[in-house]
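> Give me coordinates for this.
(2 chains)
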Amino acid sequence: MDKYEKVIDLAKRRGFLWNSFEIYGGIAGFYDYGPLGCLLKNNIINKFREEFLIKEGFYEIESPTIMPYEVLKASGHVDNFTDPIVECKNCLESFRADHLIEESINIDTEGLSLKKLDEIIKKENIRCPKCGGELGEVKRFNLMFVTNIGPGGKRTGYLRPETAQGIFILFKRLSQFFRNKLPFGVIQIGKSYRNEISPRQGVIRLREFTQAEIEYFVNPKEKRHEKFKNIEDEIVRLLPAENQINGLGEVEITLKEAVKKEIIKHEVIGYFIYKTKKFLIDIGIDEKKLRFRQHLPDEIAHYAIDCWDAEIYTERFGWIECVGIADRTDYDLKSHSLHSGEQLDIFVEGEEKEVECYEIELNYKIVGKIFKKDTKMIENYIKKLSEEDKENLINKLENEEKIILEIDGKKFEILKDYLKIKKVKKVIKGEKVIPHVIEPSFGIDRIIYCLLEHNFVEEEDRVYLNLKPYLAPIKVYVFPLVNRENMPEIAKNITKMLRENNIIAEYDDSGAIGRRYYRADEIGVPFCITVDGQTLKDNTVTVRERNTKKQERVKIENIIDYLKEKL
RNA sequence: GCGCCGGUGGUGUAGCCUGGUAUCACUCUGGCCUUCCAAGCCAGCGACCCGGGUUCAAAUCCCGGCCGGCGCACCA
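Down below sits the predicted model:
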């Protein structure tokens, strides 16, 4: 039995993780969180909120998990989140088109279009490897789950493949919420869906999984971070792209140096690498089993300029990607702006500059009488002119005494005295920019598995989960040492008192005391309270700490304070 | 999705080859006992992955599916 098996076995037996739909045979890629798993997951997510929402001043939003076609079209998922497949016309079996070609004629199909793949199959007369039948057209298999919105299936929807898009499309609302000041950070925590071809490795690769994503919007010209100097001496373990290419290993380096040497592109990414490390270590990931690996040039998304994965070491799977930290630039906002027609930018105050420009107003007394209803149209036209166009117009008017404006197919003759032209000096305080977005994206399910594995401790005579008290699903077990002399009643009352003080506690009086300790240890209960003979005399109980097994006598009336201090 | 291997109470298993409804241990539940780390005693709950075929009869043989493991592929 390897460690993975031991951990999953424990998780299943004790109610952390279960295969979904088990009584119907199960479906790969789906897992249920049982009672303890759910508590643990919520505790982790709350820690995430503490670290990013409270301490960083980010805010959380929650958007739908079903998204209309347009959103995913704009994000590129409809077109690019796909594999090319081809179906046999005879036996209806599906194959990866690119692989079929590579196998049959041994050429590289990287980057070829569907059409091209189709042509190759026709030209080379590639046939079904199973039955020899003719192959159909090459199609895309999209890894998104498709659904219909509303009756009649008129609108196509998809289950979101990432939570990020929900944030991007709220950009206008969000920038207003943050009073139009960069930088700002937005969090979304929730389910995402990918119809994986062959999900395996338990909870590591799921079709429905929980992401906690941050989109941190920054001025493209300002990728420094105000808190970087506080953390720049922190040493991190990095595996830069260059080292991977040259077969070199990891480096231990301060963030300051990594940014200075341009291993890490800029301070913001550096800062999030620090925050990610802090969060993971705070919840109990083993620091020795954590590293940050930079994406290689051929694996990084084309729109990203730097990307680092927090990788966590597991005994069975080796290093697995649990967090991705990417600078996605303005790709998403630009794309949504283009497709939606909304301006997704923000005004950034910059250096004060004095510029000369013209102000043009209509001389309404004259113009109004002449153009009547069309006046408004001319007014709008003039307002929208750029500085350059204004200058051209004014010059022309000077030279030719009149100009003809053509607006919406109508022609208007404008004379010099129709306009009031003023040359003014204006102070410009900034410009409109499309923010860049730095995205740390956490795979919560993977992190939970790694956390369980790293904190699964085997001793000669017991197994325990070394969960931090604040993360442990159940905080306290309460036992009567023996089931007589009122001890069960006292223990039950203590359990009740703990629960009334918001401490999750369980009562257990079955079997011998050792067995109860064992059961509690196995699910990571940090404290066990035992009511014994002495309790009857002086109202004290023993509090036993999970890892050390050491006991301390505490007065019942002080129990709540005692525990709250440690949780 | 391909190839190989596997699937029996909650867990680990015996039985499968050579067809006749299932072994043992642990866990779990209730009780007794027990004054601090899986003690003991009594009683109890609990399983042949699903579907089809062969057969008087299928956990057992055959086929398909599902799930799991490994290898390949995939992982924007």
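> now the strands: where do they sit in the stretch 401-550 of chain A?
Under the criterion DSSP state E, counting those that start in this stretch, the stretch 401-550 of chain A contains strands at A:402-407, A:410-415, A:419-433, A:436-443, A:456-459, A:462-465, A:476-480, A:505-507, A:527-531, A:540-545.
> Would you enumerate the residues in contact with the closest residue to RNA strand B within the stretch 351-500 of chain A?
Shortest the stretch 351-500 of chain A-to-RNA strand B distance, computed as CB to the nearest atom of the strand: residue-wise this is A:N483, at 3.5 Å. For the C-beta atoms, the positions are set from N, CA and C on the backbone; glycine is no exception. By CB atoms under 8 Å, 6 or more residues apart in numbering, the contact set of A:N483 is A:D509.
> Counting neighbours, what do you get for A:I513?
Residues lying near A:I513 (other CB atoms under 10 Å) number 17.
> show me what contacts it?
Contacts of A:I513 (CB under 8 Å, 6+ apart): A:F479, A:L481, A:T530.
> Check what pLDDT the nearest residue to A:Y331 once chain neighbours are set aside gets.
Nearest non-adjacent residue to A:Y331, counting by CB to CB, 6 or more residues apart in numbering: A:Y303, 3.5 Å away. On the pLDDT scale, A:Y303 is placed at 86.
> One more: A:L143?
A:L143 is assigned 87 on the pLDDT scale.
> Then the one 10 residues further on?
Listed pLDDT for A:G153 reads 66.
> next one: A:G132
Confidence at A:G132, expressed as pLDDT, is 66.
> The residue nearest to A:Y331 touches A:R328, doesn't it?
Yes - counting by CB atoms under 8 Å, A:Y303 does reach A:R328; the two are 6.2 Å apart.
> The two: which has the busier surroundings?
Neighbour count, other CB under 10 Å: between A:Y303 and A:R328, A:R328 has more, with 20 against 15.
> and that one, what does it touch?
Counting by CB under 8 Å, 6+ apart, the residues that A:R328 touches are A:A301, A:Y303, A:A304, A:H436, A:V437, A:I438, A:E439.
> got these as a markdown table, with distance to RNA strand B columns?
Shown next, in a markdown table, are these (distance: CB to the nearest atom of the strand, whole Å):
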| residue | distance to RNA strand B |
| --- | --- |
| A:A301 | 4 |
| A:Y303 | 9 |
| A:A304 | 9 |
| A:H436 | 17 |
| A:V437 | 14 |
| A:I438 | 16 |
| A:E439 | 11 |
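> List just the nearest of those residues to A:H99.
A:H99 lies nearest to A:A301 out of the contacts of A:R328, by CB to CB, at 22.5 Å.
> Can you get me a residue count around that closest one?
When neighbours are defined as other CB under 10 Å, A:A301 has 15 of them.
> Likewise for A:D309?
A:D309 sits with 22 neighbouring residues when counted by other CB under 10 Å.
> List the residues that contact it.
So A:D309 contacts A:F292, A:R293, A:H295, A:E321, A:C322, A:V323, A:G324, A:I325 (CB under 8 Å, 6+ apart).
> can you tell me which two in those residues are farthest apart?
Pairwise distances across the contacts of A:D309 peak at 14.6 Å for A:H295 and A:C322 (criterion: CB to CB).
> Looking at those two, which is more packed in?
Taking other CB under 10 Å, A:H295 and A:C322 do not tie; A:C322 has more neighbours (26 against 17).
> Spell out which helix or strand contains the more buried one, please.
strand A:318-327 (DSSP states H and E).
> Just want the most central residue of chain A.
By CA atoms, centre = their mean, chain A has its centre lying nearest to A:E213, at 2.1 Å.
> buried residues in stretch A:147-158?
The neighbour-count check on stretch A:147-158 (16 or more other CB atoms under 10 Å) flags A:G157, A:Y158 as buried.
> can you tell me if it touches RNA strand B.
No - Stretch A:147-158 does not reach RNA strand B (CB under 7 Å from any atom of the strand); its nearest approach is 11.9 Å.
> Check which element follows the lengthiest helix in chain A along the chain.
Scanning chain A for the helix with the most residues, using DSSP state H, yields helix A:267-283. Scanning forward in sequence from helix A:267-283 by DSSP H and E, the next helix or strand is strand A:290-294.
> Contacts for that following strand next, please.
Residues outside strand A:290-294 that contact it (CB under 8 Å, 6+ apart): A:236-241, A:244, A:250, A:263, A:273, A:276-277, A:280-281, A:306-313, A:319, A:321, A:325.
> And the residue of the stretch 51-200 of chain A that's closest to RNA strand B?
A:S198 (3.2 Å).
> quick one: strands adjacent to the strand holding A:C322?
strand A:306-314 (antiparallel), strand A:436-443 (antiparallel) (DSSP bridges).
> Could you identify which of those is most buried?
Comparing the strands paired with strand A:318-327 by mean neighbour count (mean count of other CB atoms under 10 Å), strand A:436-443 comes out on top with a mean of 24.
> And the contacts of that strand?
Contacts of strand A:436-443 (CB under 8 Å, 6+ apart): A:48, A:162, A:164, A:168, A:209-220, A:223, A:268-269, A:272, A:275-276, A:321-330, A:332-333.
> 6 Å instead?
Applying CB atoms under 6 Å, 6 or more residues apart in numbering, the external contacts of strand A:436-443 come out as A:212-218, A:220, A:268, A:272, A:276, A:322-330.
> Quick check: which ranges of chain A have low pLDDT?
A:88-95, A:103, A:106-113, A:128-133, A:153, A:383-384, A:386, A:408 (pLDDT under 70).
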